[in-house]
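I'd like to go over a predicted model; first the sequence, then the structure.
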Amino acid sequence: MALLLNCDLGESFGAWSMGMDEMVMPHIDQANIACGFHAGDPLVMQKTLRMARENGVTVGAHPAYPDLMGFGRRSIHASANEIHALVHYQVAALDGMAASADLTLEYVKPHGALYNDMMAKPSVRQAIMKAISDYYRPVKLMLQATPDAENHRIEAEHYGIELLFEAFADRCYDDDGKLLARTKPGAVHSREKMLEQVRQLADESSVTTVSGHILKLEVDTICVHGDNADGIAAIKEIREMLAS
């Protein structure tokens, strides 16, 4: 299966402008749209959905902890019931707006600290899976492709949901399959290394870790970032490379 490209979009709100969504949308397959808890607002959600429809892009909800001040990057202690409710609330909001725009919400990709907690803490991941399982219709869950993918699939089957596994174009991987912490040298790839990593994922279903180890990954989609001109140029290059 050809690799898809996904990008976090719709993260402006009020007077604050974030990202270059209009320039990104023509080059991606999946738009992860903020739902108002870490970024985004009703007008931005509506505008982003309209752009996705005009460009034939699949839409997914990008829910987060309630953390506008910290852009959803701070972990918040929340019970399983609270996580269940906040995921439902945000997904339902975007799902309803998508339906009104003649679009179907296809998947959920948690944002920031909620995503990181999902990958690190089984209790958070299972709370998110249960929320998606309890939703009124099927939607998929996007999470990071790691060596634990089979265990994650077994978890998902228990909840009756389908997974999408993603890799990151511009991030270096540690030997355990986690992303190398941004505080460490080489955590974010140069343009050349980024293109090479995408090429390796497409051709060999693997990445080369920080120590030079070859790590096999099952990947459906690659996350790209388009919040500046260099990022837009990189997305275009990736799209051209995957299409060739």
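Looks like it arrived, so ask away.

I'd guess Ser75 is in a helix, am I close?
No: read with DSSP: H, G, I helix; E, B strand; the rest coil, Ser75 is coil and lies in no helix.

just confirm it contacts Tyr65, I think it does.
Yes: counting by Cβ atoms under 8 Å, Ser75 touches Tyr65, with 7.3 Å between them. No exception for glycine: its C-beta is placed from N, CA and C like everyone else's.

joint contacts of these two?
Here Ser75 and Tyr65 have Ala113 as joint contacts, going by Cβ atoms under 8 Å, 6 or more residues apart in numbering.

Ala31: which element?
strand 30-34 (DSSP states H and E).

and Asp41, how many neighbours?
Using other Cβ atoms under 10 Å, Asp41 has 17 other residues around it.

nearest spatial neighbour of it, skipping sequence neighbours?
Nearest non-adjacent residue to Asp41, counting by Cβ to Cβ, 6 or more residues apart in numbering: Phe13, 4.1 Å away.

ok, now which ones touch the one you found?
Ala34, Gly36, Ala39, Gly40, Asp41, Val44, Leu68.

and the pLDDT for it?
With respect to pLDDT, Phe13 scores 93.

helices of this structure, residue ranges please.
21-24, 42-55, 80-100, 112-120, 122-133, 149-159, 191-204, 229-243 (DSSP state H).

which strands and helices sit next to the last one?
With contacts defined as 3 or more Cβ pairs under 8 Å, 6 or more residues apart in numbering; DSSP states H and E, the packing partners of helix 229-243 are strand 4-9, helix 21-24, helix 191-204, strand 221-224.

go with 7 Å
strand 4-9, helix 21-24, helix 191-204 (3 or more Cβ pairs under 7 Å, 6 or more residues apart in numbering; DSSP states H and E).

next, the buried residues of the last one.
Judged by neighbour count (16 or more other Cβ atoms under 10 Å), helix 191-204 contains these buried residues: Met194, Leu195, Gln197, Val198, Gln200, Leu201.

for that helix, C-alpha coordinates in PDB please.
Output of helix 191-204 as PDB, limited to C-alpha atoms (Å, rounded to 0.1, in the frame of the first residue of the first chain):
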ATOM      1  CA  ARG A 191      16.200  18.100   4.900                       C
ATOM      2  CA  GLU A 192      18.500  15.400   3.400                       C
ATOM      3  CA  LYS A 193      18.100  13.000   6.300                       C
ATOM      4  CA  MET A 194      14.400  13.500   6.300                       C
ATOM      5  CA  LEU A 195      14.100  12.600   2.600                       C
ATOM      6  CA  GLU A 196      16.300   9.600   3.100                       C
ATOM      7  CA  GLN A 197      14.100   8.400   6.000                       C
ATOM      8  CA  VAL A 198      10.900   8.700   4.000                       C
ATOM      9  CA  ARG A 199      12.500   6.900   1.100                       C
ATOM     10  CA  GLN A 200      13.700   4.100   3.400                       C
ATOM     11  CA  LEU A 201      10.200   3.800   4.900                       C
ATOM     12  CA  ALA A 202       8.600   3.600   1.500                       C
ATOM     13  CA  ASP A 203      11.100   1.100   0.000                       C
ATOM     14  CA  GLU A 204      12.100  -1.000   3.000                       C
END
